[in-house]
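**Student:** here is my input; please provide its structure:
(one chain, ligands or ions: 1)
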Amino acid sequence: MSTETLEFQAEARQLLQLMVHSIYSNKDIFLRELISNASDALDKLRLAALTDDALTADDLHIAIEADKDARTITVRDNGIGMSRDEVVALIGTIAKSGTAELLRKLKETKDSSAGELIGQFGVGFYSTFMVGDKVTLVTRKAGEDTGTRWESAGEGTFTIEEVADAAPGTAVTVHLRPADEEDALYDYTDEWKIKGIVKRYSDFISFPIRLVKTDGDPEVLNSMKALWARPRSEVKDEEYHEFYRHISHDWTDPLEIIQMRAEGTFEYEALLFLPARAPHDLFQRDGRRGIQLYVKRVFIMDDSQELMPDYLRFVKGVVDAADLSLNISREILQQDRQIQLIRKRLAKKVLSTIKDLQTKEPEKYATLWREFGRAIKEGLLNPAEDQKAILDVSSFATTHGAEPTTLADYVSRMKEGQEEIYFMTGESRAQVENSPHMEAFQAQGYEVLLLTDPVDEIWVEAVPDYDGKKLQSIARGNVDLPADEKPSEEKTGEFAPLLTWLGETLDEVKEVRLTGRLSTSPALLVSDGDDMTPTLEKMYKAMGQDVPAVKRVLELNPAHPLVVALRDAHERDAADASLPETAELLYGTALLAEGGDLADPARFAKLLADRLARTV
Ligand code: ADP
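**Tutor:** Here you go, the predicted model:
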């Protein structure tokens with residue numbers, strides 16, 4: 001049978017390079033990764049055997065064999081195995097999204113956190129090259145007759161060969177480099193070393209992990225106890241953390257562990273984790289989701305989106321339901337009423353846990369909100385869901401201070417006579433804070449929420465009020481503060497011809513009116529009624545969507561010398577050729593002051609330079 005030599009795909013090669021020249025000091029984890037892969041393969045076979053009579057799934061287990069003389073360690077499973085093409089595709093390439101990003105980050109990263117990155121991106125198998133100078137994988141896919149042998153020294157190429165007599169499942173043999181304490185390379189053929197690693201990282205694996213011995217029966221190394229079925233008081237945090245790592249591929253310990261059990265007509269147990277760090281694909285459509293579904297201890301599926309609302313997609317964990325069929329499909333899951341009920345309860349529990357963190361462990365809460373607040377706020381878009389509970393756990397940047405505030409705290413600080421919760425959306429805190437819209441609010445001491453996440457633009461439209469207080473954008477419509485001096489009728493009359501003329505001259509605005517809310521700026525722009533905000537318009541455009549340009553309302557400060565002078569000039573000679581230019585400058589200034597983009601900056605600069613030339 002012929003041996004084929006193939007090249008690693010470019011990114012895989014770079015990643016291997018990093019592994020060979022080892023970047024991570026804890027090399028023990030290669031064994032954990034192999035066991036984890038083996039366990040997944042056993043899960044898959046057990047599942048496939050449920051629906052395919054031709055497959056058997058008996059005595060599913062993982063075996064570890066160490067050979068001191070040959071300096072090899074082998075991890076063997078009798079799971080699903082891989083076809084030749086799968087070996088080439090899965091082991092020879094890393095077609096995973098985010099690999100390029102991983103490589104870039106790895107290059108910038110110091111030793112200690114590199115492992116976290118690797119785990120997060122799920123490149124587990126390659127970690128064998130941290131300890132081995134050659135790795136051999138022999139596999140036979142369940143239901144197929146011939147097997148495949150894959151071998152590589154972790155450099156540019158690997159070989160592929162057909163094997164007639166491969167055992168079903170997969171065996172990975174690592175040819176160990178010499179032990180070197182300095183380099184954190186232990187003797188991985190040592191029985192105690194192996195036992196220690198398995199106990200530490202893989203105790204909860206639900207299949208027996210057997211250490212094969214030359215002089216006697218194999219010894220089962222793990223307890224196989226489903227962590228979610230054990231009382232919280234009996235499980236060490238470290239065990240939870242290892243389990244979390246196994247299911248999440250995240251090396252950072254979770255912020256919080258949630259355990260739930262429901263008895264009665266519909267029984268289930270759940271073990272959930274709130275991560276401490278957002279995965280790189282949190283905002284990608286095809287990103288990994290977090291919940292695994294088990295039925296009576298049997299793994300059924302990863303990524304069960306039906307069990308957790310999308311806005312809580314970062315929550316990881318396991319739900320073990322007692323009364324579902326093992327053959328349950330995704331389609332059935334989606335319609336199952338009891339699944340919907342579980343989903344509701346899980347979401348409620350997660351939100352109440354976040355609420356508890358907020359009051360009892362503010363630091364953890366702050367981390368959680370920083371990492372996942374943007375995702376959580378997506379839940380506000382759907383009023384049928386947990387809007388009120390989400391608002392209660394949310395916090396927002398505010399003019400009140402550097403620390404974010406809850407809405408409840410905002411309400412408790414509302415001034416006498418204030419009936420609305422004021423906010424402004426925009427692209428950055430600085431931009432919003434310095435916008436002319438803020439002038440009167442700051443001058444009169446009204447607190448304004450500063451909403452700068454893209455999702456903020458959208459949820460504020462979906463949430464009518466909090467605690468009976470309307471959410472009011474200070475950049476929309478007529479917001480009159482109690483202390484604002486409203487322009488008198490007389491003033492309005494004086495300015496009427498100018499306002500009409502400006503409305504006709506400036507194509508970009510839909511209306512021009514006076515305002516009492518400005519003290520230092522001559523003008524500002526506000527959105528009208530339900531019109532789209534400029535930031536939202538920009539977002540849609542960035543996504544390649546065609547949106548009609550939205551016209552806004554120009555509000556003028558009747559006390560500002562520029563506005564007064566413009567009125568006088570217009571009164572003197574409405575046909576003065578320089579008037580339209582002044583109008584354009586006035587509009588452009590309002591746009592710039594709020595951090596907006598001019599349609600034609602070059603033209604604006606020229607108008608301004610010409611005008612300045614006449615005054616210096
Ligand atoms: P990950 O486990 O994060 O997907 P790996 O590089 O460890 O990444 O493995 C890549 C893929 O190779 C796995 O997703 C799986 O499909 C396949 N694989 C690895 N080990 C085994 C095994 N023991 N049995 C069957 N398939 C395996």
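**Student:** distance of the residue of the stretch 201-350 of the chain found nearest the ligand from E306?
**Tutor:** Minimum separation of the stretch 201-350 of the chain from the ligand (C-beta to the nearest ligand atom) falls at H249, amounting to 6.3 Å. C-beta: built from backbone N, CA, C; applies to glycine. The gap separating H249 from E306 is 21 Å, by C-beta to C-beta, to the nearest Å.
**Student:** what stretches of the protein score poorly on pLDDT?
**Tutor:** Where the chain drops to pLDDT under 70, the residues are 1, 22-25, 93-102, 106, 109-123, 482-485.
**Student:** flag every residue of it that's near the ligand.
**Tutor:** Listed as neighbours of the ligand in the chain under the rule C-beta under 6 Å from any ligand atom: 33, 37-38, 41, 77, 79-82, 90-91, 122-125, 170.
**Student:** now, of those, which are buried?
**Tutor:** Among the residues of the chain next to the ligand, those buried by neighbour count (16 or more other C-beta atoms under 10 Å) are 33, 37-38, 41, 77, 79-82, 91, 122-125, 170.
**Student:** mind listing what the one helix or strand I64 maps to pairs with, with the direction of each?
**Tutor:** Using DSSP states H and E, the element containing I64 is strand 62-67. Sheet pairing here is set by DSSP bridges, and for strand 62-67 it gives strand 72-77 (antiparallel), strand 209-212 (parallel).
**Student:** let me know which of the ones you listed is tucked in deepest.
**Tutor:** A comparison of the strands paired with strand 62-67 by mean neighbour count, using mean count of other C-beta atoms under 10 Å, puts strand 72-77 on top with a mean of 23.
**Student:** distance between that strand and the chain's centre?
**Tutor:** Taking C-alpha atoms, centre = their mean, to the nearest Å, the mean C-alpha location of strand 72-77 is offset from the chain mean by 36 Å.
**Student:** what sits against the closest residue to the ligand within the stretch 151-300 of the chain?
**Tutor:** Residue of the stretch 151-300 of the chain nearest the ligand, by C-beta to the nearest ligand atom: T170 (3.7 Å). Applying C-beta atoms under 8 Å, 6 or more residues apart in numbering to T170 gives the contacts N37, A38, A41, R76, D77, G79, G81, M82, L137, V138, T139, R140.
**Student:** so the first one sits right up against T128, yeah?
**Tutor:** Yep, that's N37 we're talking about. No: between N37 and T128 there is no contact under C-beta atoms under 8 Å: 10.3 Å.
**Student:** so for those two, which residues contact both of them?
**Tutor:** V172.
**Student:** and this structure, what are its domains?
**Tutor:** Here the domain parsing of the chain from automatic domain parsing is 3-224, 228-367, 395-473, 489-615.
**Student:** okay, T5 and the ligand: tell me how far apart.
**Tutor:** Distance of T5 to the ligand, given as C-beta to the nearest ligand atom, to the nearest Å: 20 Å.
**Student:** show me what R261 is bridged to.
**Tutor:** E269.
**Student:** please disregard the earlier target; I meant Y466.
**Tutor:** Taking DSSP bridges as the rule, Y466 bridges to K469.
**Student:** list the residues that contact it.
**Tutor:** By C-beta under 8 Å, 6+ apart, the contact list for Y466 reads L391, L407, V411, I421.
**Student:** is it true that the third one touches D467?
**Tutor:** Just to be clear, that refers to V411. Yes: counting by C-beta under 8 Å, V411 does reach D467; the two are 5.6 Å apart.
**Student:** name the residue in the two with the higher neighbour count.
**Tutor:** Taking other C-beta atoms under 10 Å, V411 and D467 do not tie; V411 has more neighbours (15 against 12).
**Student:** list the contacts of the more buried one.
**Tutor:** Contacts for V411 were tallied using C-beta under 8 Å, 6+ apart; they are I421, Y466, D467, K469.
**Student:** which one of those residues sits closest to Y240?
**Tutor:** Closest approach to Y240 among these (C-beta to C-beta): Y466, at 35.3 Å.
**Student:** reduced to three states, what does the spatially most central residue of the chain come out as?
**Tutor:** Nearest to the mean C-alpha position of the chain, by C-alpha atoms, centre = their mean, lies L282 at 2.4 Å. Of the three states, L282 takes coil according to DSSP: H, G, I helix; E, B strand; the rest coil.
**Student:** what separation do you get for it and H249?
**Tutor:** Counting by C-beta to C-beta, the gap from L282 to H249 is 14 Å.
**Student:** ok, now Q431?
**Tutor:** Per C-beta to C-beta, Q431 is found 37 Å from H249.
**Student:** comparing those two, which residue is more hemmed in?
**Tutor:** Remark: of Q431 and H249, H249 carries more neighbours, 20 against 16, as counted by other C-beta under 10 Å.
**Student:** for the nearest residue to F441 once chain neighbours are set aside, grab the count of nearby residues.
**Tutor:** Counting by C-beta to C-beta, 6 or more residues apart in numbering, F441 lies nearest to V448, which is 5.1 Å off, once chain neighbours are set aside. Residues near V448, counting by other C-beta under 10 Å, number 23.
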